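Trainee: Sequence below, structure please.
(one chain, ligands or ions: 1)
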Amino acid sequence: MKIEAIKGMSDVLPPESENWQTVEQLAREVFRTYDFQEIRTPIVEPTELFVRSVGETTDVVQKEMYTFKDRKGLSLTLRPEGTASVVRAYIQASLSSKDPIAKLYYFGPMYRYEQPQKGRKREFYQIGVELLGAETPLADAEVLMLLEQLFLKVGVTDTNLEINSLGCKNCRPDYIKAIQKFLKGKLNKFCDDCQKRSQKNPLRILDCKKEGCRKLTEDIPLVSDFWCVECHQHFREVRGLLLAGHVKFKENPRIVRGLDYYCRTTFEVLSDRLGAQNAVAAGGRYDGLVKDLGGPDVPGVGFAIGMERLMMLVSTNPEPRTPNPKPLIYFALLGSEAQQKAMSVIQELRAKGQSVGCAYGGSLKSQMRRADKLNASHVVILGENEVVKGIAIVKEMETGNQKEVLLGRLVEELS
Ligand code: HAM
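Mentor: Sure thing, here's the model as predicted:
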């Protein structure tokens with residue numbers, strides 16, 4: 001009898017495997033320009049990790065996990081996604097005590113027992129990114145700019161970024177109550193899944209793909225009407241930074257996501273060329289997750305790209321590029337205006353292949369210490385005075401020499 005691959009799992013054969021390598025190499029180059037480093041975690045984890053992070057009531061945990069007992073009776077699961085494993089590793093290795101900021105990326109297979117169809121597999125690869133330790137909206141914007149840059153680098157220019165904020169633990173309970181109130185009296189018109197969701201995970205009703213349920217939720221209350229002051233401010237700043245970084249996006253208040261750990265910013269990258277499974281990447285902020293899994297109270301934000309879906313969009317063979325490592329330039333930024341001013345310069349430098357890191361908060365002194373720790377060759381200092389004068393101070397770390405450079409000339413000066 002012929003032995004074949006398991007349903008929903010495929011081989012990547014040459015020459016297609018060459019294209020995968022090229023895309024992975026280009027992704028690594030983009031990660032370098034954003035100063036992210038690779039993490040590799042096991043494919044198998046204790047089942048409890050995903051139950052506690054992805055969420056007990058989610059489809060992923062309830063219906064889609066490959067779970068089995070090992071020879072000692074321990075319940076193990078093939079990872080359905082990467083974030084939980086990265087957070088587990090981050091806590092286990094006490095990474096937060098070594099560095100307040102962790103910028104990590106990963107490549108690898110994930111497993112979900114879904115009904116296979118075009119773009120939906122039981123084994124699929126993800127390219128993922130997790131930025132841990134920064135609560136500032138600048139971190140959300142950076143991760144989104146990285147995502148955009150990666151798509152540009154592999155020649156995919158026709159995707160659409162949609163963003164939303166799911167609020168936080170303070171304001172979301174009121175939103176959930178409002179949804180439950182809205183559902184009262186009409187629940188029997190919804191599909192069986194939505195009826196179950198209304199009890200355990202009412203937000204997911206917004207995500208039902210069934211036409212009937214979608215029609216019924218046309219007038220459902222929107223999360224934006226329930227954001228607290230802090231969530232409003234956070235989302236406003238993310239939007240401002242994306243605009244400053246020339247990242248195109250659309251706000252979609254119906255994005256809810258299928259994993260429970262999200263708070264505030266959530267997003268999806270969609271393509272019209274993918275058919276029904278149209279999300280090529282997705283992610284968001286997950287500020288309570290590290291703490292919920294027994295670690296310190298460290299915020300996080302990240303995304304994952306579905307590799308099979310990305311490869312469907314990469315039509316022609318992407319040009320391989322040779323990595324050309326250059327030393328890091330670090331931006332010490334004081335205040336949100338300085339952050340906004342720096343956005344387009346940082347984007348341009350990274351697009352030219354330059355590694356650029358930036359501060360996510362703290363005093364100038366602590367930002368300079370960090371630049372030193374990261375071995376930056378130059379630090380660009382931008383505070384309120386500099387913004388007013390339209391200049392930045394560029395400091396060469398080896399000699400300690402520093403000079404004032406007009407903001408409009410920064411890219412030229414640093415390239
Ligand atoms: P996710 O939305 O579950 O998020 O998956 C991210 C991407 O993986 C999807 O947009 C899609 O491209 C791809 N994907 C998911 N399921 C399948 C499947 N069955 N077949 C093929 N491709 C699939 C996460 O996994 C989060 N961990 C993302 C994240 C990282 N959030 C914060 N950090």
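
Trainee: From Arg79, how far out is the residue in the stretch 101-250 of the chain that the ligand sits nearest to?
Mentor: When distances are taken as C-beta to the nearest ligand atom, the stretch 101-250 of the chain reaches nearest to the ligand at Phe124, 3.4 Å away. C-beta here means a position set from N, CA and C on the backbone, and glycine is covered the same way. For Phe124, the distance to Arg79 equals 11 Å [C-beta to C-beta, to the nearest Å].

Trainee: Spit out the residues that contact the two alike.
Mentor: Common contacts of Phe124 and Arg79 (C-beta atoms under 8 Å, 6 or more residues apart in numbering): Met110.

Trainee: Comparing those two, which shows the higher neighbour count?
Mentor: More neighbours surround Arg79 than the other of Phe124 and Arg79, with 24 against 19 (other C-beta atoms under 10 Å).

Trainee: circling back to that earlier point, name the helix or strand for the residue of the stretch 101-250 of the chain closest to the ligand, please.
Mentor: Here Phe124, judged by DSSP states H and E, is contained in strand 123-132.

Trainee: what angle do the helix or strand that that strand is followed by and strand 123-132 make?
Mentor: Helices and strands here follow DSSP H and E; after strand 123-132, the next one along the chain is helix 137-153. Orientation check (axes from the mean of the first three to the mean of the last three C-alpha atoms, to 10 degrees): helix 137-153 against strand 123-132 gives 140 degrees.

Trainee: List the buried residues of helix 137-153.
Mentor: By neighbour count on 16 or more other C-beta atoms under 10 Å, the buried set for helix 137-153 is 137-151, 153.

Trainee: Kindly report the same for stretch 215-223.
Mentor: Leu216, Thr217, Ile220, Pro221, Val223.

Trainee: Leaving out the residues flanking it, which one is nearest to Ser336?
Mentor: The shortest distance from Ser336 to any non-neighbouring residue, by C-beta to C-beta, 6 or more residues apart in numbering, is to Glu237 (6.4 Å).

Trainee: rewinding a little: bridging residues for the residue of the stretch 101-250 of the chain closest to the ligand?
Mentor: Met110 (DSSP bridges).

Trainee: quick one: least confident helix or strand in this protein?
Mentor: helix 192-200 (a mean of 87; mean pLDDT, DSSP states H and E).

Trainee: helices and strands around that helix, which ones?
Mentor: Helices and strands touching helix 192-200, as assessed by 3 or more C-beta pairs under 8 Å, 6 or more residues apart in numbering; DSSP states H and E, are absent.

Trainee: For stretch 341-354, which outside residues touch it?
Mentor: 29-30, 33-34, 141, 145, 149, 152, 241, 244-246, 324, 326, 329, 331, 333, 356, 358, 380, 382, 387, 407, 410-411, 414-415.

Trainee: Let's see that with 6 Å instead.
Mentor: 33, 241, 244-245, 326, 331, 333, 356, 382, 387, 410-411, 415 (C-beta atoms under 6 Å, 6 or more residues apart in numbering).

Trainee: Can you report how many residues neighbour the residue of the stretch 251-400 of the chain found nearest the ligand?
Mentor: Residue nearest to the ligand within the stretch 251-400 of the chain: Gly306 (2.2 Å; C-beta to the nearest ligand atom). Gly306: 23 surrounding residues under other C-beta under 10 Å.

Trainee: partners of it in the sheet?
Mentor: Applying DSSP bridges, one finds that Gly306 bridges with Gln126.

Trainee: Can you pull the residues of the stretch 151-300 of the chain lying near the ligand?
Mentor: Gly258, Leu259, Ala279, Val280, Ala281, Ala282, Gly283, Gly284, Tyr286 (C-beta under 6 Å from any ligand atom).

Trainee: rewinding a little: name the helix or strand for the residue nearest to Ser336, please.
Mentor: Going by DSSP H and E, Glu237 is in helix 229-244.

Trainee: May I see the buried residues of that helix?
Mentor: Neighbour counts over helix 229-244 (16+ other C-beta under 10 Å) mark Cys231, His234, Phe235, Glu237, Val238, Arg239, Gly240, Leu241, Leu242, Ala244 as buried.

Trainee: With pLDDT as added columns, please give those residues in CSV.
Mentor: Below are the buried residues of helix 229-244 laid out as CSV (pLDDT from 0 to 100):
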residue, pLDDT
Cys231, 98
His234, 98
Phe235, 98
Glu237, 97
Val238, 98
Arg239, 98
Gly240, 97
Leu241, 97
Leu242, 97
Ala244, 96
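
Trainee: The protein - how does it break down into domains?
Mentor: The chain breaks down into these domains under automatic domain parsing: 16-157+262-313, 172-223, 329-414.

Trainee: By mean pLDDT, show me the worst of those domains.
Mentor: Confidence, taken as mean pLDDT, is least for domain 172-223 of those (a mean of 90).

Trainee: Start and end of that one, how far apart?
Mentor: From its first residue to its last, domain 172-223 covers 8 Å (C-alpha to C-alpha, to the nearest Å).

Trainee: What of stretch 53-70?
Mentor: Stretch 53-70: ends 22 Å apart by C-alpha to C-alpha.

Trainee: What of stretch 244-260?
Mentor: End to end - C-alpha to C-alpha - stretch 244-260 spans 30 Å.

Trainee: Can you tell me what sits against whatever helix or strand Met311 lives in?
Mentor: Counting by DSSP H and E, the element that carries Met311 is helix 307-313. Contact with helix 307-313 is made by Gly119, Phe124, Tyr125, Val156, Ser271, Leu274, Val280, as judged by C-beta under 6 Å, 6+ apart.

Trainee: So which elements touch the helix or strand following it?
Mentor: Proceeding N to C from helix 307-313, the next assigned helix or strand is strand 329-333, under DSSP H and E. Packed against strand 329-333 by the contact rule (3 or more C-beta pairs under 6 Å, 6 or more residues apart in numbering; DSSP states H and E) you find helix 336-351, strand 356-358, helix 364-373, strand 378-382.
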